[in-house]
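Engineer: sequence plus predicted model, see below.
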Amino acid sequence: MQGLIGSMCFVYVGLAWMLGDLNFWFNMYPFYSINHLATYHHVNPSQTFTYDFVTGGVEAEQSGQPKRKPLPTQGKRYQDAGKIYFESGNIKVDRSKAVSFRNHDMFCVAPIVDTRCEAAGENGCGYDFWAVGVNCCGVDDQVEFLCGLDPNNPDKLSRAPAAIRAIDNHDKPFYRLAVLEAEGSHGIRSKHPLFVEFLREKTPEQRTVEYGRAGYINLVVSVLLIFCFNFTAIVVLAKKIPELAYGDALFVDS
């Protein structure tokens, strides 16, 4: 009897450790990590504009207005980004430059760009924001990126494009290798790639709350299941205890 109760305790401890660990890494860890990072608004993933009074020329001096100078957006400017709100209207996932890297699963990447950006000139456009996903871009060299997009109309522009940081550290090396493939295939450069989950309809707050809600639901369901299993075990054992006690008494008397 004591051995049975001890075995049940070991089973409960093992289940609690396993379920709690899985729930933390898949739900609560993204929830806490994203909320601890910074939030950026009106981000242009392709170009950032600066204003230059010094080299603006005579017109800038006479008008008092600086020269508007476009520069490629650099990912190192947003290293602490957790929630990202892009400029509305012209931001999309460039599926023509999507690439996948296979390592058992398919690790999919595609740059997030401003369709108004023209790559001509010495500066060009930045390619440091990458929408990513796993097993959502076809197979091998037949890449059809659909991660976070509408499968019926994947090229449709979103009115309020946004993204949250991809937190899974296990996947990041494979996303980086996929970006290297994209650089070689399409002649682009990405010095400081940021891997994000592209959100076409939901806001970053809504997506983050989903992680937290899933974590708490899993916690409650796990506790209820363990309670039901434990209650059933107690009822069964309660019926068996008198028989076991009677059997032990007979054994002692003999």
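Structural biologist: Right, received. Where do you want to start?
Engineer: wait, residue 190 touches residue 130, no?
Structural biologist: Yes - with contact defined as CB atoms under 8 Å, residue 190 counts as touching residue 130 (7.3 Å). (Each C-beta comes from the backbone N, C-alpha and C, glycine too.)
Engineer: residue ranges with poor pLDDT in the stretch 51-200 of the chain?
Structural biologist: Scanning the stretch 51-200 of the chain for pLDDT under 70 picks out the ranges 51-68, 118-123, 140-141.
Engineer: which secondary structure elements does the lengthiest helix in the chain contact?
Structural biologist: Counting residues, the longest helix in the chain under DSSP state H turns out to be helix 204-253. When contacts are defined as 3 or more CB pairs under 8 Å, 6 or more residues apart in numbering; DSSP states H and E, helix 204-253 sits against helix 2-23, helix 29-36, strand 81-86, strand 162-165.
Engineer: centre of the chain to that helix, how far?
Structural biologist: 33 Å (CA atoms, centre = their mean, to the nearest Å).
Engineer: quick check: closest non-adjacent residue to the spatially most central residue of the chain.
Structural biologist: Nearest to the geometric centre of the chain sits residue 166, at 3.2 Å (CA atoms, centre = their mean). Spatially, and ignoring its direct neighbours in sequence, residue 166 is nearest to residue 195 (4.1 Å; CB to CB, 6 or more residues apart in numbering).
Engineer: list the contacts of the one you found.
Structural biologist: 109, 130, 132, 165, 166, 171, 172, 175 (CB atoms under 8 Å, 6 or more residues apart in numbering).
Engineer: now those residues: which count as buried?
Structural biologist: The neighbour count (16 or more other CB atoms under 10 Å) marks 109, 130, 132, 165, 166, 171, 175 as buried among the contacts of residue 195.
Engineer: can you name the two of the contacts of residue 195 that are farthest apart?
Structural biologist: Taking CB to CB as the measure, these span a maximum distance of 14.4 Å, between 109 and 165.
Engineer: one step back: what is the nearest of the contacts of residue 195 to residue 80?
Structural biologist: residue 165 (9.2 Å).
Engineer: which positions in stretch 176-190 come out as buried?
Structural biologist: Of all the residues in stretch 176-190, those buried under the rule 16+ other CB under 10 Å are 176, 178, 179, 182, 183, 188, 190.
Engineer: reformat those as CSV; add distance to residue 9 and secondary structure.
Structural biologist: Formatted as CSV, the buried residues of stretch 176-190 follow (distance: CB to CB, whole Å; DSSP: H, G, I helix; E, B strand; the rest coil):
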residue, distance to residue 9, secondary structure
176, 44, helix
178, 46, helix
179, 49, helix
182, 52, helix
183, 55, helix
188, 57, coil
190, 52, coil
